[in-house]
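Asker: Give me coordinates for this.
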Amino acid sequence: MPHYTYDDYVQWEGKWELIDGIPHAMSPAPTPRHQVIAVNLSAEFRVALKRCKYCKVSQPVDYKVAEDTILQPDMLIICGDTSKAYLDFPPALVAEILSPSTALKDRHGKFALYEQQKVPYYIIISPDSNEAEVYVLEESSYVLKQKGNAFTYSFSLEKDCSATIDFSEIWK
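Answerer: Numbering: from 1, shown residues only. Take a look at the predicted model:
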């Protein structure tokens, strides 16, 4: 099986992720429910981080973990310089919204990659069960801190930036 790199990846049409040199098609397009949740979650974080000049909410961008691993989280918070065409350092927070075609990858492969890269917060959202899971990196492992559909969680980010999110708002 071929082993692809970032140089190959940037030549492809369509939406892809590359994990350990193996391409993963990001299709079909996300469902309307997936996108509503993504927008609502982004909006909650955007409002909460309005006074923070250092950390920004972003929709999917290329997160280049290695030459042969490029991920596109559903939503992320970036604290730092984003002048390159891709992110080459760990975001402060990543959120993945599960779909039948991505659930296994999001819960296992990407979970391990975000953990290895020391992404401080990982949120997994299940539209089917209306549940969000908040994982926090403690030492070198993720610990589940909160799970449910109607809870509030406070995230402490870099440079005294923080965001308190009411997860009951993302399902609307």
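
Asker: Ser156 pairs with what?
Answerer: Using DSSP bridges, the bridge partners assigned to Ser156 are Ser162.

Asker: doesn't Ser162 make contact with it?
Answerer: Yes: if you go by C-beta atoms under 8 Å, Ser156 and Ser162 touch, sitting 5.2 Å apart. C-beta coordinates here come from the backbone N, C-alpha and C atoms, glycine included.

Asker: quick check: longest helix of the protein.
Answerer: helix 32-48 (DSSP state H).

Asker: So what touches it?
Answerer: 30, 57, 59, 74-75, 77, 93, 95, 97, 99, 123, 125, 127, 162-166, 169-172 (C-beta atoms under 8 Å, 6 or more residues apart in numbering).

Asker: Which PyMOL command selects the buried ones in those?
Answerer: To isolate the buried ones among the contacts of helix 32-48 in PyMOL, judged by 16 or more other C-beta atoms under 10 Å, type:
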select buried, resi 30+57+74+75+77+93+95+97+99+123+125+127+163+165+170+171
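
Asker: before we move on, back to that, chain center to the longest helix of the chain, what's the gap?
Answerer: Averaging C-alpha positions (C-alpha atoms, centre = their mean, to the nearest Å) puts helix 32-48 12 Å from its chain's average.

Asker: Also stretch 162-172?
Answerer: 16 Å.

Asker: How about stretch 88-100?
Answerer: Using C-alpha atoms, centre = their mean, the offset of stretch 88-100 from its chain centre is 1 Å.

Asker: Contacts for it next, please.
Answerer: Against stretch 88-100 from outside (C-beta under 8 Å, 6+ apart): 30-31, 34, 37-38, 41, 45, 55, 58, 63-64, 73-80, 102, 106-107, 110, 114, 117-128, 155, 157-158.

Asker: ok, now with 6 Å
Answerer: 34, 37-38, 41, 55, 64, 73-79, 106, 114, 117-126, 157-158 (C-beta atoms under 6 Å, 6 or more residues apart in numbering).

Asker: Mind checking which of those are buried?
Answerer: For the contacts of stretch 88-100, buried by 16+ other C-beta under 10 Å: 34, 37-38, 41, 55, 64, 73-79, 106, 114, 117, 119-126, 157.

Asker: Tell me which of these fall in strands.
Answerer: Within these, residues falling in strands by DSSP state E are 55, 64, 75-79, 121-126.

Asker: Pick out whichever of those sits closest to Gln146.
Answerer: Ranking these by separation from Gln146, with C-beta to C-beta as the measure, puts Ile123 on top at 9.6 Å.

Asker: What's the separation between the nearest residue to the closest one once chain neighbours are set aside and Tyr122?
Answerer: Spatially, and ignoring its direct neighbours in sequence, Ile123 is nearest to Ala95 (4.0 Å; C-beta to C-beta, 6 or more residues apart in numbering). Using C-beta to C-beta, to the nearest Å, we find Ala95 at a distance of 8 Å from Tyr122.
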